[in-house]
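Engineer: okay, predicted coordinates and the sequence, questions at the end:
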Amino acid sequence: MQAKINNLFTGKPKILTDIKKITSCIRKSNVNLLDVKKDHISNDQCFDLKYHGGSDRVVHFYPSENYHAILEEFPNLQYKQIQGRIGENISTEKLNEKNVSIGDIFSIGETILEITEPRNPCSTIDVGFNQKGILKFVYQSNRIGWFARVLKEGKISSTDTIDKIENPNPKFTIDYVFQKVVKEKGKDKDSISLINQLPQLSKRYREDCHKILS
C-alpha cells in the first residue's frame, strides 16, 4: 500500500491564550523536511512529557481527510487555519484510523517507522484550533491520528511517498484499539487481553490494558 504526504510540521512550546492560557506545542509550522531521530524530531518539541513524547511516540500522523471532516462540521474555519493545529508531524493522504493498525511498518524517505498507539485527544485540541467543540468531534468520530516509533533514523521530505511494508495485525486498527481501550473503557476484556499481547503496542497503552485487566 502506498500513500502520500500532504504536509510536514514541527513546533516548539508556545503560550496560547485564545480559549485559555496554556503552554503547548500543539500548533506546529509547515516545513519541507523532517530530521527524524530515535527519540525525537529535530526542531520539534513536546511540552507535557507525561502525555506526549518518548520513544513510542516520536512521529504523530494525522489524515488530511480529517481536516475536511472538521471543516464540514465547523464551516466557520478555513483549511489553512487548521493544518498543523492538532500537534501532527505528518498529514497524510489515503491513510486513516481504519486502514492503519498497531504494528504496521512504513518506509518514508530514509526512515522506517512502526505504529504504536492511537493519539488520545485532549482539551488542548480546542485551544489549538481556537474552536470549542473540535475535541468532542474528533473523539466521537475517532478522527484521532496515531503515533509511531522509529526503527530507522533519517530524513523525510514533503515529496516522499509512504509505503506500508508490513501489516502484522490487520484486525487491530487505530479505530478498533481506541474504541476498545479508551471509549469502551475495557468493557470487552477479551479484546483488551488480545490488544495487550501485541508486541508493538506502546508502553502507555500497555499500562492502560494492565489497569483494565487487573
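Structural biologist: It's in.
Engineer: for the record, mean pLDDT for stretch 146-166?
Structural biologist: What stretch 146-166 shows for mean pLDDT is 98.
Engineer: report the backbone C-alpha coordinates of that stretch in CSV.
Structural biologist: What follows is stretch 146-166, C-alpha atoms only, in CSV (Å, rounded to 0.1, in the frame of the first residue of the first chain):
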residue,chain,number,x,y,z
TRP,A,146,-1.7,7.9,15.7
PHE,A,147,1.9,7.7,16.8
ALA,A,148,4.9,5.8,15.6
ARG,A,149,8.3,4.8,17.0
VAL,A,150,11.5,5.0,14.8
LEU,A,151,13.1,1.8,13.6
LYS,A,152,15.5,3.6,11.3
GLU,A,153,16.5,7.2,11.6
GLY,A,154,16.7,9.6,8.7
LYS,A,155,15.1,12.4,6.8
ILE,A,156,11.6,12.7,5.4
SER,A,157,10.9,15.1,2.6
SER,A,158,7.4,16.5,1.8
THR,A,159,7.8,14.9,-1.7
ASP,A,160,8.4,11.4,-0.3
THR,A,161,5.8,8.6,-0.6
ILE,A,162,4.6,6.5,2.2
ASP,A,163,5.0,2.7,1.7
LYS,A,164,3.4,0.2,4.0
ILE,A,165,5.8,-2.7,4.1
GLU,A,166,4.4,-4.8,6.9
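Engineer: before we move on, which element is I165 in?
Structural biologist: Following DSSP states H and E, one finds I165 within strand 161-166.
Engineer: for that strand, packing partners?
Structural biologist: Applying 3 or more Cβ pairs under 8 Å, 6 or more residues apart in numbering; DSSP states H and E, one finds that strand 161-166 contacts strand 2-10, strand 105-108. All C-beta atoms are positioned from the backbone trio N, CA, C, and that covers glycine.
Engineer: nearest to V36, out of these?
Structural biologist: Closest approach to V36 among the helices and strands packed on strand 161-166 (Cβ to Cβ): strand 105-108, 8.7 Å.
Engineer: which ones are touching the residue nearest the centre of the chain?
Structural biologist: With distances taken as Cα atoms, centre = their mean, W146 lies nearest the centre of the chain, 2.9 Å away. Shown in contact with W146 (Cβ atoms under 8 Å, 6 or more residues apart in numbering): H60, F61, E97, V100, I115, T116, E117, P118, R119, I174.
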